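> Below are the sequence and a predicted model; questions follow.
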Amino acid sequence: MISRILGLIKKFLSKDSQWWKTVLKANFRNPIEVFKLFYYNIKRKLFDIGARFGFYQYKYNVIFIAGMPLSATTWVKNLFGRVPGYFTRHTPMSYDIAVNRNIAQSAFKYVPTYGYTIFKTHLNPEIENLNIITNNDIKKIIVTMRDFRDVAVSRYYRLATSTGPFGPKKKGDPLYLDLSKMTKEEAINESIKIVAEYYVDWIDGWLSIGKEREDFVYFCEFENLRNNTAEEFKKMLMFYEIELSEDKINQIVNASIGKGKMQDNNNKALLQPWALSSNFRSGVVGGWRKEFTENNIKYCKEMLGQALVKHDYEKDDNW
């Protein structure tokens, strides 16, 4: 416990002045969220004690989410964050490992033997990562995915409208992008390029793992989650063999709907429990149609045309 407290103090002291200004503003604007965070931590401890003495049991100790960025990973995390007994926890890792979407043994430091945990990641489908998570008794993974064109648009808006920890990537980040020197059309093309260079291989890697390991990966498509949230959530619950009443499922779905402006959500997210915080805008299916220019469409066909057909988002290039 002492080492954990010291680790958290060290983490906070390492933050820059802008981070602290953002946190202080968030406290001033959302004081009730501070009390909610305190309540969450107490509740987590009590549930862990209850699990230790067998007052309630689930088959799987960890729900592990490894989503394509901007493909509803946060949404899925928020759904499971409201399943009674499952909690997010501090996952200490070095910056280099985390920013490159990998994982380290240290991430499991605070995962209790008795108790139930949620991991929300954008984990790369590499053998080193798979070895670490399977060695830590991860038996099932949910992978979220989405139409690459909508991902490119969401990525543009995330970088263009967010500030603080959810804003533009810092120099040195592998996906850094300086939007101040670009038009919207140019910035969307840059997002298309990054999606083509990084995300296509990412999802192909997980699809290969899903074929190799039976019942190890559940692929949650954003489009299905958006069009029928309750049914898609039920499928994910069945994947983890979690039984909840119909009323409880509907309650969780309604509570997890994205609300408010992205920046307001960002401010609250600094104070909220990780399991419940939200920084996403209200994503739509096919939103790229209103955002892409003719030049964006042409460039996207060059960069992502084959991948869109391969993953059944289009039948051909006539879109």
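Structure received. From a predicted model like this one, the values you see are computed outputs, not experimental measurements.
> can you tell me which residue is nearest the centre of this structure?
Central residue of the chain (C-alpha atoms, centre = their mean): Thr73, 3.3 Å from the mean position.
> how close does that one get to Phe119?
According to C-beta to C-beta, to the nearest Å, Thr73 and Phe119 sit 11 Å apart. All C-beta spots, glycine's among them, are computed from the backbone N, C-alpha and C.
> still on that earlier bit, the nearest residue to the residue nearest to the centre of the chain once chain neighbours are set aside: neighbour count?
Leaving aside its chain neighbours, Thr73 sits nearest to Gly67 (3.1 Å; criterion: C-beta to C-beta, 6 or more residues apart in numbering). Using other C-beta atoms under 10 Å, the number of residues around Gly67 comes to 27.
> Return the residues in contact with Gly67.
Thr73, Val76, Lys120, Thr121, His122, Ile142, Val143, Thr144, Met145, Cys220 (C-beta atoms under 8 Å, 6 or more residues apart in numbering).
> wait, which of the residues you listed is closest to Lys211?
Using C-beta to C-beta, Val143 comes nearest to Lys211 of those, at 12.5 Å.
> Pull the residues that contact the host helix or strand of Val200.
In this structure, Val200 sits in helix 200-212 according to DSSP states H and E. Helix 200-212 has contacts (C-beta under 8 Å, 6+ apart) with 66, 68, 124-126, 130, 143, 145, 148, 216-217, 219, 304, 307, 311.
> could you point out which element follows that helix?
As the chain continues past helix 200-212, the following element, by DSSP H and E, is strand 217-221.
> and the angle for that following strand with helix 200-212?
Angle between the axes of strand 217-221 and helix 200-212 is 130 degrees (criterion: axes from the mean of the first three to the mean of the last three C-alpha atoms, to 10 degrees).
> Okay, now the sheet partners of strand 217-221, with direction.
Using DSSP bridges, strand 217-221 pairs in its sheet with strand 141-145 (parallel).
> helix or strand right after the partner strand?
helix 148-161.
> For the residue nearest to the centre of the chain, list the residues it contacts.
Shown in contact with Thr73 (C-beta under 8 Å, 6+ apart): Ile65, Gly67, Lys120, Thr121, His122, Thr144.
> do Leu46 as well
Counting by C-beta under 8 Å, 6+ apart, Leu46 has no contacts.
> Name the helix or strand for it, please.
Under the criterion of DSSP H and E, Leu46 resides in helix 31-52.
> mind listing what's buried in that helix?
Of the residues in helix 31-52, those buried under the neighbour-count criterion (16 or more other C-beta atoms under 10 Å) are Glu33, Leu37, Tyr40, Arg44, Phe47, Asp48, Ala51.
> just stretch 225-235 next, same as before
Under the neighbour-count criterion of 16+ other C-beta under 10 Å, stretch 225-235 has Leu225, Arg226, Thr229, Glu232, Phe233, Lys234 buried.
> Tell me, what's the model's pLDDT at the fourth one?
In other words, Glu232. pLDDT recorded at Glu232 is 98.
> swap in Phe219?
For Phe219, the predicted pLDDT is 98.
> Just the mean pLDDT for the helix or strand encompassing Leu130, thanks.
Using DSSP H and E, Leu130 maps to helix 127-135. Per-residue pLDDT over helix 127-135 has a mean of 97.
> I'd like the distance between Asn102 and Phe108.
In terms of C-beta to C-beta, Asn102 sits 14 Å off from Phe108.
> Same question for Trp319.
43 Å.
> what's the answer for Tyr86, then?
Look at Tyr86 and Phe108: by C-beta to C-beta, they are 16 Å apart.
> Repeat that for Met68.
Counting by C-beta to C-beta, the gap from Met68 to Phe108 is 23 Å.
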